[in-house]
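Asks: Mind folding the following:
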Amino acid sequence: MHQPSRPSMVRSHRLVVALAALTSLVGQAASATTLVNGSLESPSASFIQTVAAGQSANGWSVIGANIEFVRAGYSNGADTVAPAADGDWFVDLNGTQGPGRIAQTFDTVAGQWYRIDFAMSGNAGPGGATSADGSKSLNVLWNGGTAASATYLHQPGDRWDNLRWEWHDVLVQATGSSSTLTFQSASSFYSAAGALVDAIQVTAVPEPGTAAMLLAGLAMGTVLRRRQPR
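Replies: Got it, this is the predicted structure:
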């Protein structure tokens with residue numbers, strides 16, 4: 001039986017080490033945080049739960065103006081709200097008073113990177129009446145600073161029954177043992193129809209540069225190994 005040469009064995013060993021290091025790093029970092037109710041569920045018996053500014057509900061604090069927790073299936077007789085991106089409920093960041101915010105503070109590790117994932121849509125209003133402004137926007141704030149912005153573009157025919165959820169993600173870094181995540185409406189054209197948000201997840205991830213270096217090393221090791229003659 002042919003025995004592999006020493007250079008091939010060394011490179012194979014490096015490949016295994018790189019893979020093990022990457023797997024370990026991802027395994028240690030890719031874990032959920034203590035974020036509460038990222039699905040934005042509500043125990044309310046009705047289809048709409050309005051929460052005033054300065055109040056807290058379902059794990060989230062409300063700032064600036066009231067917001068609405070909305071349950072799929074709500075109907076005005078002519079239009080029915082489509083399913084949420086996750087669970088049964090989502091939040092309209094414009095309740096009835098204009099742009100509002102929801103915020104939550106949770107435990108983090110200083111220096112750790114986190115990926116925020118969320119689903120976004122827009123309230124087109126009953127029968128699609130408010131789609132004329134063309135978009136609904138929000139800002140993602142991390143410890144008070146804007147980490148990202150996102151815009152949902154309405155299409156002709158948008159109604160409550162076709163929310164067309166879109167997925168977004170943003171990387172942030174913690175600076176202390178706790179961090180505050182805020183979703184802020186940036187839509188004021190219609191006071192009672194804003195950006196919709198749902199399925200919020202915050203996951204610890206490897207430092208972007210470290211992961212990229214390990215992946216590059218892993219790819220190089222694979223190339224080197226494949227170039228060895230059989």
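Asks: quick one: the strands in the protein?
Replies: All strands of the chain, identified by DSSP state E, fall at 31-32, 48-51, 56-57, 60-63, 67-71, 89-92, 101-107, 113-122, 135-142, 145-153, 166-173, 178-185, 195-205.
Asks: The longest one pairs with which strands, and in what direction?
Replies: Looking at strand 195-205 with DSSP bridges, its partner strands are strand 31-32 (antiparallel), strand 89-92 (antiparallel), strand 113-122 (antiparallel).
Asks: Could you look over those and pick the most buried one?
Replies: Per-stretch averages of neighbours, counted by mean count of other CB atoms under 10 Å, single out strand 89-92 among those, with a mean of 26. To be clear about C-beta, it is placed using only N, CA and C from the backbone, and glycine gets the same treatment.
Asks: Let's have the strands paired with strand 195-205 in TSV, adding mean pLDDT and distance to residue 154.
Replies: Output for the strands paired with strand 195-205, formatted as TSV (pLDDT from 0 to 100; distance: least, CB to CB, whole Å):
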stretch	mean pLDDT	distance to residue 154
strand 31-32	56	32
strand 89-92	98	15
strand 113-122	98	6
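Asks: follow-up on the earlier one: how about JSON lines for the strands of the chain, with distance to residue 80 added?
Replies: Output for the strands of the chain, formatted as JSON lines (distance: least, CB to CB, whole Å):
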{"stretch": "strand 31-32", "distance to residue 80": "32"}
{"stretch": "strand 48-51", "distance to residue 80": "13"}
{"stretch": "strand 56-57", "distance to residue 80": "24"}
{"stretch": "strand 60-63", "distance to residue 80": "25"}
{"stretch": "strand 67-71", "distance to residue 80": "11"}
{"stretch": "strand 89-92", "distance to residue 80": "14"}
{"stretch": "strand 101-107", "distance to residue 80": "24"}
{"stretch": "strand 113-122", "distance to residue 80": "15"}
{"stretch": "strand 135-142", "distance to residue 80": "19"}
{"stretch": "strand 145-153", "distance to residue 80": "20"}
{"stretch": "strand 166-173", "distance to residue 80": "21"}
{"stretch": "strand 178-185", "distance to residue 80": "23"}
{"stretch": "strand 195-205", "distance to residue 80": "15"}
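Asks: Going by mean pLDDT, which of the ones you listed comes out lowest?
Replies: Mean pLDDT per stretch puts strand 31-32 lowest among those, at a mean of 56.
Asks: could you redo the strands paired with strand 195-205 as CSV and give each row distance to residue 200?
Replies: As requested, the strands paired with strand 195-205 are exported to CSV (distance: least, CB to CB, whole Å):
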stretch, distance to residue 200
strand 31-32, 11
strand 89-92, 9
strand 113-122, 5
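Asks: mind checking which of the ones you listed is nearest residue 45?
Replies: strand 89-92 (12.4 Å; CB to CB).
Asks: Just the residues contacting the closest one, thanks.
Replies: With contact meaning CB atoms under 8 Å, 6 or more residues apart in numbering, strand 89-92 is reached by 39-42, 60, 67-72, 84, 102, 119, 121, 123, 183, 193-198.
Asks: contacting residues for residue 179?
Replies: Per CB under 8 Å, 6+ apart, neighbours of residue 179: 105, 106, 108, 114, 142, 143, 172.
Asks: Nearest spatial neighbour of the last one, chain-adjacent residues omitted?
Replies: By that I understand residue 172. In space, and not counting its chain neighbours, residue 172 is closest to residue 142: 4.4 Å by CB to CB, 6 or more residues apart in numbering.
Asks: residues contacting that neighbour?
Replies: Contacts here follow CB under 8 Å, 6+ apart; on that basis residue 142 touches 116, 172, 179, 180, 181, 182.
Asks: now residue 207
Replies: Contacts of residue 207 by CB under 8 Å, 6+ apart are residue 113.
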